[in-house]
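>>> Sequence isn't available, so here's the structure alone:
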């Protein structure tokens, strides 16, 4: 086994079979078919069951990695001059329950997310079940022209999330699905409610960072300006350097900061 797989907490066959048996029992089926997804996911083992459900299996090792990520992100927030606002879940099942709750809240306010089915524990593993969106694409996989068309929908969904006092906490291309021409948010992370204002600014910075390399600096700021005020963009500006050090973002932070300063002047 590679060190990378060990750190991520790959789930063994015996554990997978136990999860599959539990899902079969819960759905009244004699057996289910599990197909693993080729995804670079450090916080769960993702799979599809019977082409109907998207399932995340979360191990204790995944929970430990989540704690490390949370500490690192909070240190990054501190370097931006803010208090850390990322919140760690204490166990695999708590991770599953938190994400289930986040998806339910998003759907309640009209933000698209795959339908959450349930979260439960199997032999110390957290198991999270969603509807499976067949033939979805991530935002990273669509053409620049389509991204340009979808950008207002992304900011509108983010605005709706923020207006309801919520935050995503891990907004990036692979956590935004495109399904039947609509934006869906997935993989919302845990955010401390006391730091929600900073978390929303971080979300906005992450959205700008995700779209800027594809549709250009001026365009992304222009679209964001339809939904966010200059003062909110200035708050997001404070997090751009923090977002820029993440390996899953590659954008021109200085151009973005300069464009925001022009609007705020």
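Noted; the coordinates are in hand. Just so it is clear, the model here is predicted, and its values are computed rather than measured.
>>> the strands in the stretch 101-250 of the chain, which residues?
Ranges of strands within the stretch 101-250 of the chain are 116-122, 125-131, 137-138, 176-179, 182-185, based on DSSP state E, counting those that start in this stretch.
>>> Dump those to JSON lines, plus mean pLDDT.
Listed next are those as JSON lines, based on pLDDT from 0 to 100:
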{"stretch": "strand 116-122", "mean pLDDT": "97"}
{"stretch": "strand 125-131", "mean pLDDT": "97"}
{"stretch": "strand 137-138", "mean pLDDT": "94"}
{"stretch": "strand 176-179", "mean pLDDT": "96"}
{"stretch": "strand 182-185", "mean pLDDT": "96"}
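>>> Which one, of those, ends up nearest to residue 168?
Set against residue 168 and scored by CB to CB, these come closest in strand 182-185, at 6.1 Å. (Each C-beta comes from the backbone N, C-alpha and C, glycine too.)
>>> Tell me the helices and strands packed up against that closest one.
Counting contacts by 3 or more CB pairs under 8 Å, 6 or more residues apart in numbering; DSSP states H and E, strand 182-185 packs against helix 144-163, strand 176-179.
>>> Off-centre distance for that strand?
12 Å (CA atoms, centre = their mean, to the nearest Å).
>>> List the strands paired with that strand, with their directions.
strand 176-179 (antiparallel) (DSSP bridges).
>>> returning to that earlier point: just put the strands of the stretch 101-250 of the chain in TSV and tack on mean neighbour count and distance to residue 237.
Below are those laid out as TSV (neighbours: other CB atoms under 10 Å; distance: least, CB to CB, whole Å):
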stretch	mean neighbour count	distance to residue 237
strand 116-122	18	34
strand 125-131	22	34
strand 137-138	14	26
strand 176-179	21	22
strand 182-185	19	23
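>>> could you dump those strands to TSV with distance to residue 144?
TSV is the format used below for the strands of the stretch 101-250 of the chain (distance: least, CB to CB, whole Å):
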stretch	distance to residue 144
strand 116-122	31
strand 125-131	29
strand 137-138	14
strand 176-179	13
strand 182-185	16
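>>> so which of the helices and strands packed on strand 182-185 gets nearest residue 189?
helix 144-163 (13.0 Å).
>>> Of the strands of the stretch 101-250 of the chain, which is nearest residue 244?
Of all the strands of the stretch 101-250 of the chain, strand 176-179 comes closest under CB to CB, at 18.8 Å.
>>> residues in contact with residue 133?
Shown in contact with residue 133 (CB atoms under 8 Å, 6 or more residues apart in numbering): 54, 114, 177, 179, 184.
>>> To residue 200, which of the helices and strands packed on strand 182-185 lies closest?
Nearest of the helices and strands packed on strand 182-185 (CB to CB): helix 144-163, 4.6 Å.
>>> Give me the below-cutoff pLDDT ranges for the stretch 1-150 of the chain.
For the stretch 1-150 of the chain, applying pLDDT under 70 flags the ranges 1-9, 39-40, 74, 76-77, 85.
>>> again, but for the stretch 151-265 of the chain
Using pLDDT under 70, the stretch 151-265 of the chain drops low at 190, 192.
>>> Out of the strands of the stretch 101-250 of the chain, which is closest to residue 256?
Comparing those by CB to CB, strand 176-179 comes nearest, at 18.4 Å.
>>> Name the residues that touch the closest one?
In contact with strand 176-179 (CB under 8 Å, 6+ apart) are residues 112, 114, 133, 135-139, 141-142, 146, 150, 154, 183-186, 210.
>>> picking that back up, return the member of the contacts of residue 133 nearest to residue 196.
Once CB to CB is applied, the member of those that ends up nearest residue 196 is residue 184, at 22.2 Å.
>>> Many thanks, I have nothing further to ask.
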